[in-house]
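Asker: Attaching a predicted model along with its sequence, questions to come.
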Amino acid sequence: MALEEGIATLVKAFIAAGRPSIRSKTIDERRAGYIASAALAGDIEQRVEVKDITLEGISLRVVSPLNGEAHLPAVIYYHGGCFVSGGFETHDNQLRQLAFFSGCRIIAVRYRLAPEHVYPAAHDDAECAARFIAQHADTLGIDPTRITLAGDSAGGHLALVTALRLKASGGWQPSQLVLIYPMLDATAHFESYTRNGLDYVITREVLLTGYDTYLATCTRLHPEASPLWRDDFAGLPPVHIVTAEFDPLCDEGEALFARLTEQGVSCTCQRWLGVIHGFFQLGGISQSARDLMRDVTWRVANRK
């Protein structure tokens, strides 16, 4: 399928600029560029309440519908950014829209980034935050039996590994996972890394330099670096996976669906056509991004 019109404009501009290499940017420039791209998310949703809090030393942003009930279903959300960038600023509008359209409380986690903090810093922060949020459910005004773990890109990776860690410990588990074009295979094994690796803004190089930076002391086949290849998925809660047609990660997201299904996990997967990696944050120019927002909010609101 052809690229959506708004996304095609982005891609054409990227190619016309000579496909600028992420390696030419400092880490601060890379982070600033990601923050600047948040303008493509569209008008900021104002019909919510936003609070930044610190729980057990971890920074959280709690976004709630106005006049919500005392104990709402919740989403623990891990932002993308290839483990080196991203945060509350890059995902502010998505968090607001998730809260408004779902009627759920959205709790975003600010985890440590590379190169300042390498593996397992982000993984440890993600797990600790999930545990602390569940333990403080009453204080946060959430229903601990209706918590979704969700994330995009690196955040989808962290949501999956966090659920695996929680399962291994035999403790609390979320009610479901929503993984939006997750980073799953640091070896870049699949053909979509070649098919979609050069032209579509978030390139093979962008993704792999993120792995290079965060996994500086860790082998690429470590089970928490490349969780796709694990054989211990059985026992996870239901999982929904979003993939994008022109994403270097498209094939591995769909491979995860196959592997989860083979190991007995209830799983669904949807490939969104005409879009690229990161399109969930492009609601200002992409109808698919707006449609995906409504789909995700329906899923988290209706999970029993």
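Answerer: Looks like it came in fine.
Asker: Could you double-check that His136 lies in contact with Ile58?
Answerer: No. Counting by CB atoms under 8 Å, His136 sits too far from Ile58 to count as a contact (11.3 Å). No exception for glycine: its C-beta is placed from N, CA and C like everyone else's.
Asker: So for these two, which sits in the more crowded spot?
Answerer: Remark: of His136 and Ile58, Ile58 carries more neighbours, 18 against 15, as counted by other CB atoms under 10 Å.
Asker: ok, the closest residue to the more buried one other than its chain neighbours to Ser59 distance?
Answerer: Residue nearest to Ile58 in three dimensions, not counting chain neighbours: Ala129, with 4.9 Å by CB to CB, 6 or more residues apart in numbering. Applying CB to CB, to the nearest Å, the value for Ala129 to Ser59 is 9 Å.
Asker: What segments of the stretch 151-300 of the chain are strands?
Answerer: In the stretch 151-300 of the chain, the segments counted as strands under DSSP state E, counting those that start in this stretch are 176-180, 239-244, 267-272.
Asker: sorry, back to before: Ala129 and Ser59: who's more crowded?
Answerer: Applying other CB under 10 Å to Ala129 and Ser59 shows that Ala129 carries more neighbours, namely 25 against 16.
Asker: Can you read off the backbone torsions of that one?
Answerer: Main-chain dihedrals, Ala129, degrees, to the nearest 10: phi -60, psi -40.
Asker: confidence score at the residue positioned nearest the centre of the chain?
Answerer: For the chain, the residue nearest the mean C-alpha position is Asp152 (1.6 Å; CA atoms, centre = their mean). pLDDT, Asp152: 98.
Asker: Check Ala70 too.
Answerer: Confidence score, pLDDT, at Ala70: 80.
Asker: Tell me how far it lies from Arg105.
Answerer: Taken as CB to CB, the span from Ala70 to Arg105 is 10 Å.
Asker: and what of Phe257?
Answerer: 28 Å.
Asker: Over to Tyr214?
Answerer: 29 Å.
Asker: Run through the helices of this structure in chain order.
Answerer: Here the chain has its helices, by DSSP state H, at 5-16, 27-37, 88-102, 121-135, 137-140, 154-169, 192-195, 204-214, 250-262, 287-302.
Asker: for these, which one sits closest to Pro227?
Answerer: The closest of the helices of the chain to Pro227 is helix 154-169. By CB to CB, the value is 5.5 Å.
Asker: What are the buried residues along that closest one?
Answerer: Residues of helix 154-169 classed as buried: 154-167 (neighbour count, 16 or more other CB atoms under 10 Å).
Asker: One more: stretch 267-278?
Answerer: Those would be Cys267, Cys269, Trp272, Gly274, Val275, Ile276, His277, Gly278, for stretch 267-278 by 16+ other CB under 10 Å.
Asker: which residues does the residue nearest to Phe257 when sequence neighbours are not counted bridge with?
Answerer: Excluding the flanking residues, the one nearest Phe257 by CB to CB, 6+ apart is Cys269, at 3.7 Å. Beta-bridge partners for Cys269, by DSSP bridges, are Ile241.
Asker: my read: Cys269 touches Pro238, true?
Answerer: No. Contact between Cys269 and Pro238 fails when scored by CB under 8 Å: they sit 11.9 Å apart.
Asker: looking at the protein, which residue ends up farthest from its center?
Answerer: The centre of the chain is farthest from one residue, Ala16, which by CA atoms, centre = their mean lies 28.7 Å away.
Asker: So that one versus Arg23, what's the distance?
Answerer: 20 Å.
Asker: Repeat that for Ile107.
Answerer: Distance from Ile107 to Arg23, counting by CB to CB: 34 Å.
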